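S.K.: structure, please.
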Amino acid sequence: MASSIPSVAAYALSSASDWWEVVNESPLWQKRIFYSLSWIFGLISIVSLIQLVRIECRVPEYGWTTQKVFHLLNFLVNGIRSVVFAFRRRMQRMQPEILQHILLDMPALAFFTTYALLVLFWAEIYYQARGVSTDGLRPAFYTINVVLYAVQALLWMLMWWMPIQATVTVSKIFVAGVSLFSAFGFLLYGGRLFLMLQRFPVESKGRRKKLQEVGYVTTICFTCFLVRCIMMFFNAFDKDADLDVLDHPILNLIYYLLVEILPSSLVLYILRKLPPKRGIAQYRPIR
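M.R.: Numbering: from 1, shown residues only. Sure thing, here's the model as predicted:
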């Protein structure tokens, strides 16, 4: 009886491994999973666009506030992801190969920019509440983004000029580093703002809602970028964790569900509240 337990466990592990390989190597399952990802990203993109239109109809006089830009970028990032996964099999045959890397990596950087806007907004609130000047925050935000996109562009040119595995590995490590930087940005400014809001009067209803909003979004985004960092690090060094090939659809499904789809959906739900109508309360735009 005792000797049969290891045999049963080994058989179960073998069956699970066989199932994983069958799905990964099946063109039908690859097509189903990639199309499913395309539909989900497309749905999130549409929801972001609807929210952008609703905010614009509510407060059209304030121009492009951070809130509107956040939803616009969400619409674009998820829309590009949707198109990429809809044509994933065709994209794998694109030449030169650097075009494949650009289409897969660019949305990841745009995703960073989108959610870095939340960090910028929280940093502005935190420093304004402490009476500290915020004049340098936006230039720093733009500078960081320009530097990151410039470095990524240089890595793409290097991969085009010298298409070897080492350059691909460096590019993936760079994305992992950006993700780690983003995670600590959320932890730093989300945590500071959360602690500051805790000192407000307990009976304040607005304080409770804002406290929950900041706490939830900080936890979600910190976890999402940390998971992205870890998975991209393994992606860089382990061929079995490669996300840029067709025969790893299950890994793609797990990865994008954890680091983009689930976080985007939760954050959009948490930040679904529209600005107050004119005449009911004074709306201060998020610049």
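
S.K.: what about the closest residue to residue 233 other than its chain neighbours, which helix or strand?
M.R.: Nearest residue to residue 233 in three dimensions, chain neighbours excluded: residue 176, at 4.7 Å (Cβ to Cβ, 6 or more residues apart in numbering). Heads up, the C-betas are built off the backbone N, CA and C, glycines and all. Using DSSP states H and E, residue 176 falls within helix 165-185.

S.K.: quick check, the residue nearest to residue 233 in contact with residue 229.
M.R.: Yes - counting by Cβ atoms under 8 Å, residue 229 is a contact partner of residue 176 at 4.8 Å.

S.K.: chain neighbours aside, what residue packs nearest to residue 39?
M.R.: In space, residue 39 is closest to residue 82, 7.5 Å off (Cβ to Cβ, 6+ apart).

S.K.: okay, helices next: where are they in this structure?
M.R.: In the chain, the segments counted as helices under DSSP state H are 4-25, 27-58, 66-86, 88-91, 98-129, 137-161, 165-185, 191-198, 205-237, 249-256, 262-270.

S.K.: of those, which is nearest residue 277?
M.R.: helix 27-58 (6.5 Å; Cβ to Cβ).

S.K.: quick check: mean pLDDT across that closest one?
M.R.: Regarding helix 27-58, the rounded mean pLDDT is 91.

S.K.: flag every buried residue along that helix.
M.R.: 30, 33-34, 37-38, 40-42, 44-45, 47-49, 51-52, 55-56 (16 or more other Cβ atoms under 10 Å).

S.K.: tell me the contacts of residue 133?
M.R.: By Cβ atoms under 8 Å, 6 or more residues apart in numbering, the residues touching residue 133 are residue 127.

S.K.: what pLDDT does the model give it?
M.R.: 86.

S.K.: try the one 3 residues further on
M.R.: Reading off the confidence values, residue 136 has pLDDT 89.

S.K.: okay, now it: neighbour count?
M.R.: Residue 136 has 10 neighbouring residues, counting by other Cβ atoms under 10 Å.

S.K.: what's it sitting at in phi/psi?
M.R.: phi -90, psi -10 (degrees, to the nearest 10).

S.K.: please tell me how far it sits from residue 212.
M.R.: 30 Å (Cβ to Cβ, to the nearest Å).

S.K.: export only the CA atoms of stretch 255-270, formatted as CSV.
M.R.: Output for stretch 255-270, consisting of C-alpha atoms alone and laid out as CSV, is shown next (Å, rounded to 0.1, in the frame of the first residue of the first chain):
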residue,chain,number,x,y,z
TYR,A,255,1.4,35.8,-17.2
TYR,A,256,-1.0,38.4,-18.8
LEU,A,257,-3.9,37.5,-16.5
LEU,A,258,-1.7,38.2,-13.4
VAL,A,259,0.3,41.2,-14.6
GLU,A,260,-2.1,43.2,-16.9
ILE,A,261,-5.6,41.9,-17.2
LEU,A,262,-6.5,41.3,-13.5
PRO,A,263,-4.8,44.5,-12.2
SER,A,264,-6.2,46.7,-15.0
SER,A,265,-9.7,45.3,-14.4
LEU,A,266,-9.5,45.8,-10.6
VAL,A,267,-8.1,49.3,-10.8
LEU,A,268,-10.7,50.4,-13.4
TYR,A,269,-13.4,49.1,-11.1
ILE,A,270,-11.9,50.8,-8.0
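
S.K.: who touches it?
M.R.: Taking Cβ under 8 Å, 6+ apart as the rule, stretch 255-270 contacts 37, 40-41, 44, 47-48, 51, 74, 78, 81, 111, 115, 118, 213, 216-217, 220-221, 223-225, 227-228, 231, 243.

S.K.: centre of the chain to that stretch, how far?
M.R.: 7 Å (Cα atoms, centre = their mean, to the nearest Å).

S.K.: from the chain's centre, how far out does stretch 176-189 sit?
M.R.: Put simply, stretch 176-189 sits 12 Å off its chain's centre (Cα atoms, centre = their mean).
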